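1. Coordinates only, no sequence provided:
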Ligand code: ATP
């Protein structure tokens, strides 16, 4: 689905990525772990086309999208949920979801929208309960569900998630992760950036550890969870 090869990104003197290789297969959840400043957000932004790499390639289903701007990449089926869960606070849950579809297809017909909502409400029953509530009145966890649902309504092939657990209580994080698992079960490929290494690796089938812009470790999650260097550097607190 996604193949990132030798990706290098520089912001002036800062080398944010220094030749990164990453693969995501269809329906797979892949975790990107790493400390602050490791280059995780830069990786997601470069895949989407918000940041232009200095070298390397990004292939989506074998098609070179390295130089493709973000709006076109989105139309090809890539969706980014950035850190910070920005909902349209003064719009209701339903209106937020309609915006998600509108961004993808322009105008939205009523019947079409209703059709798209059903599976989302099934996956996120809380959003159904709160569908007429203004988004700013939702809890942090519900807002995170709303941004995930808003990304899903455009049926992306590849979902890029930047720290969906940030600032949420552990029990809510579990709910969010269950929803992410459900999305992958439905065939969406997911590249998940997370500080919560332990939880992320339990969810993902494989993981990559970014350290100062390079892939320091990678492999199946169960191997990484047992790796002594991993435990020492990223998993020790659990
Ligand atoms: P965090 O977990 O703190 O979000 P990260 O792993 O996502 O960190 P990035 O945000 O990708 O890391 O940043 C990688 C490096 O690039 C950091 O040194 C950061 O300061 C730098 N950087 C990121 N964005 C820019 C920018 N727009 N201009 C200049 N430097 C940047």
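-> Arrived safely, thanks for sending. For clarity, every value in this text was computed on a predicted model and none was experimentally measured. Numbers count the residues shown, from 1 in each chain.

2. For the chain, which residues are neighbours of the ligand?
-> Within the chain, the positions adjacent to the ligand are 11, 14, 16, 34, 36, 37, 38, 39, 40, 41, 42 by CB under 6 Å from any ligand atom. (Glycine included, C-beta is placed from N, CA and C.)

3. Now the fourth one: phi and psi?
-> So that's residue 34. Note on residue 34: its backbone torsions stand at phi 160, psi 160 [degrees, to the nearest 10].

4. Do I have it right that it meets residue 214?
-> No. Look at residue 34 against residue 214 with CB atoms under 8 Å: they stay out of range, at 10.0 Å.

5. How many residues are close by residue 71?
-> The number of residues packed around residue 71, counting by other CB atoms under 10 Å, is 10.

6. A helix includes it, no?
-> Yes. Going by DSSP: H, G, I helix; E, B strand; the rest coil, the assignment for residue 71 places it inside a helix.

7. And the average pLDDT for stretch 31-48 is what?
-> Mean pLDDT, stretch 31-48: 95.

8. What residues sit buried inside it?
-> Neighbour-count burial for stretch 31-48 flags 31-34, 38-48 (criterion: 16 or more other CB atoms under 10 Å).

9. Can you show me the helices along this structure?
-> Listed in chain order, the helices of the chain (DSSP state H) span residues 40-48, 70-75, 93-105, 110-123, 125-129, 140-152, 170-185, 197-203, 221-226, 228-230.

10. of all those helices, which lies closest to residue 81?
-> Distances from residue 81 to each of the helices of the chain were compared using CB to CB; the shortest belongs to helix 140-152, at 5.0 Å.

11. Check the offset of that closest one from the chain's centre.
-> For helix 140-152, the distance from its own C-alpha centre to the chain's C-alpha centre is 11 Å (CA atoms, centre = their mean, to the nearest Å).

12. Determine the set of other helices and strands touching that helix.
-> Helices and strands touching helix 140-152, as assessed by 3 or more CB pairs under 8 Å, 6 or more residues apart in numbering; DSSP states H and E, comprise strand 78-81, helix 93-105, helix 110-123, helix 125-129, strand 158-162, helix 170-185.
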